[in-house]
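In: sequence first, predicted coordinates after that:
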Number of protein chains: 2
Amino acid sequence: MRYRLRFLLIAVFTSLAASLHAQSARDQVRAWRETREPQIVREYAEFLAIPNTKNDGSALRRNAAAIVGMLQKRGVIARLLENAPWPPAVFGELRAPGARRTIVIYAHYDGQPVDASEWRGGAPFAAQLRELRGVDWVDVPIPDRGRLNPEARIFARGAGDDKAPIIAIMNALDALKAAGKQPTINMKFVFEGEEESGSAHLPLILEANRALLNADAWLFCDGPTHQSRQMQVAFGARGSMGLELTVYGPSHALHSGHYGNWAPNPGMLLTELVSSLRDVDGRILVKGYYDDVVPPTARELAAVRALPPVDSALRRELLLNGTEANDALLAERIMLPGLNVRGMRVGQVEGLAANAIATDAKASFDFRLVPKQTPARVRELVETHLRAHGWFITHTAATDAERLTHRKVVRLSWGAGDEATRVSLDQPISQALTATLDEMLGQRVLRVPTLGGSLPTSMIEHALGVPLVIFPIANHDDNQHAKDENLRLQNLWDGIEAYAAIMTRLDAHWPKVTP
Amino acid sequence: MRYRLRFLLIAVFTSLAASLHAQSARDQVRAWRETREPQIVREYAEFLAIPNTKNDGSALRRNAAAIVGMLQKRGVIARLLENAPWPPAVFGELRAPGARRTIVIYAHYDGQPVDASEWRGGAPFAAQLRELRGVDWVDVPIPDRGRLNPEARIFARGAGDDKAPIIAIMNALDALKAAGKQPTINMKFVFEGEEESGSAHLPLILEANRALLNADAWLFCDGPTHQSRQMQVAFGARGSMGLELTVYGPSHALHSGHYGNWAPNPGMLLTELVSSLRDVDGRILVKGYYDDVVPPTARELAAVRALPPVDSALRRELLLNGTEANDALLAERIMLPGLNVRGMRVGQVEGLAANAIATDAKASFDFRLVPKQTPARVRELVETHLRAHGWFITHTAATDAERLTHRKVVRLSWGAGDEATRVSLDQPISQALTATLDEMLGQRVLRVPTLGGSLPTSMIEHALGVPLVIFPIANHDDNQHAKDENLRLQNLWDGIEAYAAIMTRLDAHWPKVTP
């Protein structure tokens, strides 16, 4: 009894002390940052000024070189992992004497293409600080000194996705140095340059550098924080696979009066095909589709139900009276497989519409995969489904003979696809990261079983067999992939504090025994 | 008994004599034409050289003036029926002493827009004679004298649709004059300049000239001859009405991973809506839609079943394994109401496809109406149907409040629409015209209860209450409305002979008593 009491007191005291220590460490990082906000933003603006659109190979290389320079300036051993003719990855390594564990921190420096004419200011790489006045974002200068409005945002391609973690890491290293502290975990950095192109050649880099990249876990630093603006850790991402299809009508467009309701209308055939694949509530109607799907665990469901409610605010913002499946929670929906219609193209509409029957009809889909689903199995199930619905399937342009022989002909063009990942909340990295962030925040970090979107996480898991958790810092409303991409300054400040905590406390929170 | 025999002999003799007379009249017209084929084609080329695209007001006026000149040269009293600011109609009148009946012959001189770069030769109004060599149309010069290849075609915008009847009428008048013959029926001519714009202001001309246009019947000279290349008379046309609709998704495009199978996908909503309107076999699923539809009469069905078979050849040409409703006959299908998907637009496909949920989805339809259906009733039935399927209907852009209040919002934009026409095969004009053409051809002209396409026939019927039959001369494969529009010379030669027969024999074949 006495022994147990003493043990309890020690545990409480230890925990309290650690928490106070963490708060004080966070305060130190914050105090340092508050003295140099303009400098931090100015360095970020210089980094964002290097164009990074995914097809601009030489610009991507300049980004990689700049990152190597930024790392070396912080005492990190850094170099390029070449992967010609594709963009190199930046590799960095910082060893911590006495550390038990090694993590790889991943981010990417490439960005989506831009149409400059759509951007406010017309210059997507001339990073600009702006504040919201009423409903308008107004340019504000970066002052020489003093504090900045934490709700101000820096606008540029890449500001949120995904240069934000890179600049936050640099500043976390600076803050630790200023506080006279050392990281306590071995860190490796991989900053990829091909994520927006689907990381098609990342596996080559991973395979070629398997020993170099040896680690206990990866932190995958991409994606958004929670819509409630709270920090979140995600333990997985859905996989994805694209599908383009074409159904065939008459060999040339026909007058809809003279040939209408005689010649098959490809728009109607497409409508029938799409309706056979899924219903309006998102349920996929392909036979056997859910057989491979592992339902969320009770713990995962409890985790998403504990998240701050965002659905009704999102519905208002998006002018939606309701959502699919009787307004089921967004966080629960994204744990399920998805089939999204990206687009449909038949004939013409509105001013260009002609009284004609089109020659073909096209649709574009993206499938979202959950754990245990594989792209190959999804392809097989969908093709079997279509054949059962009377479709003749071709993977190249249908020949005249095929069109004359089969009543319903569809051409399918599949993407390569990738699988979902979902790490257990009991994994050491899951426990260590959540404990580190809980301690720093003084409250529980949000635990999200999976992101709805897809990341090259399964490639890394497949290539290296290493557990991987996702730790995003960018605001959810950062217009990623769109015009006027931005990063909210408070998200950058929070990110710096979080990385400093990870660098100094993750190793300490690592469970002694694998559960 | 003897009396009946004598009557029969007289009837046979009279009929034989008339037939021989008709054949001899046709031979005279043919012989005249064979002496001057190059001149006929050259005059037509000059007429076609005047651009006639529907939005070119001054060019349309030059066409009208040219037609007035061509009519006056043939002794026809001719002038413009002004309808400013819209194009004028050309009116002509030629009285026949002793004629019992008066007909109005209608054609139109305006044409569809052209994209010169798409046309062989790049000059849609530089009319060019061409012959088919292998699979290619090769330019041939118009000789000074001699016969032309009747399978040669003259290529220019308007060659088939619808300057062909105008030039054929001019030559029929010339041929009669050369043979020393007079028309035996009073003829009025109305050549419209706004048909390709939907004849929107034709009713104004008709109302303003009601007395001038008084007649027993109209011959509506537009459209194609039968796909078998035989001459046809059509007793009606389907009405038509356009519908553009937009269904709403989220107010801005969403990442399909993060929000997919939560945010309603407008492509799926559109698919559901379209599927609810009609099935892949062309059956319209709107409740009560067929209540107003008068089924084809036994006589009409017999007429279409007597037409030369064209379906299987068309299927081969169009690379179609089958057609809607279990390969039902084209000629039967176009006697039914139709609902054609002109186009659908959702997000993007193929190279432009993004992993996104689009903000809206659009579809464009044309309804084809049969007798007794009205545009107003169709609109009412469709809107009632959509409301019964849970749609909130708006006719302007949906407001934020409407989108937030209703789960399924659709914006509808209806065309004005027009009704079908279908004249009985027993009408005097039907009997007189078929008898005239039967006599001239020495075999039965094809009798088609209705064309599948739509013509401003119902406007004329509504405005003037006069029966109207459709008598086309252009080849069915004339590329009307498309690049490389053309007229096959044999169709022009046949047209000249037919108009000459109509001018001289229609009155004689007019039934004495309305049945």
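Out: That came through, no problem. Numbering: from 1, shown residues only, chains lettered A, B, ... in the order given.
In: end-to-end on stretch A:399-409?
Out: End-to-end span of stretch A:399-409 (Cα to Cα, to the nearest Å): 10 Å.
In: quick check: mean pLDDT of that stretch?
Out: Confidence for stretch A:399-409, expressed as mean pLDDT, is 98.
In: cool, stretch A:197-206 as well?
Out: In this model, stretch A:197-206 has a mean pLDDT of 93.
In: flag every buried residue along that stretch.
Out: Under the neighbour-count criterion of 16 or more other Cβ atoms under 10 Å in any protein chain shown, stretch A:197-206 has A:197-199, A:201-202, A:205-206 buried. (Glycine included, C-beta is placed from N, CA and C.)
In: so which of these are in helices?
Out: Within the buried residues of stretch A:197-206, residues falling in helices by DSSP state H are A:202, A:205-206.
In: between those residues, which is nearest chain B?
Out: A:L202 (18.4 Å; Cβ to the nearest Cβ).
In: against B:R101, how distant is the most centrally placed residue in chain A?
Out: Most central in chain A under Cα atoms, centre = their mean is A:G223, positioned 3.8 Å from the mean C-alpha point. Distance, A:G223 to B:R101, using Cβ to Cβ, to the nearest Å: 82 Å.
In: just A:Y109 next, same as before
Out: 86 Å.
In: A:A156 too?
Out: According to Cβ to Cβ, A:A156 stands 81 Å off from B:R101.
In: who's more crowded, those two?
Out: Set side by side, A:A156 and B:R101 show more neighbours around A:A156, with 28 against 19, by other Cβ atoms under 10 Å in any protein chain shown.
In: give me the neighbour count for A:H258.
Out: The number of residues packed near A:H258 is 23, by other Cβ under 10 Å.
In: show me which positions of the helix or strand of chain A with the lowest mean pLDDT end up buried.
Out: When the helices and strands of chain A are scored by mean pLDDT, DSSP states H and E, helix A:2-34 comes last with a mean of 78. Burial within helix A:2-34, assessed by neighbour count using 16+ other Cβ under 10 Å, is assigned to A:22, A:25-26, A:28-29, A:32-33.
In: so which of the residues you listed reach chain B?
Out: Among those, not one lies near chain B by Cβ under 8 Å from any Cβ of the partner chain.
In: going by distance to A:N186, which of those residues wins?
Out: A:A25 (19.3 Å; Cβ to Cβ).
In: return the residue spatially closest to that closest one, with its sequence-adjacent residues excluded.
Out: Excluding its sequence neighbours, the residue lying closest to A:A25 (Cβ to Cβ, 6 or more residues apart in numbering or on different chains) is A:T504, at 6.5 Å.
In: domain ranges for chain A?
Out: As recorded under automatic domain parsing, the domains making up chain A are A:21-237+A:421-509, A:239-293+A:336-414.
In: just the terminal-to-terminal distance for the last one.
Out: In other words, domain A:239-293+A:336-414. In domain A:239-293+A:336-414, first residue to last residue: 14 Å (Cα to Cα).
In: run the chain-centre distance for it.
Out: Relative to the centre of its chain, domain A:239-293+A:336-414 is centred 28 Å away, using Cα atoms, centre = their mean, to the nearest Å.
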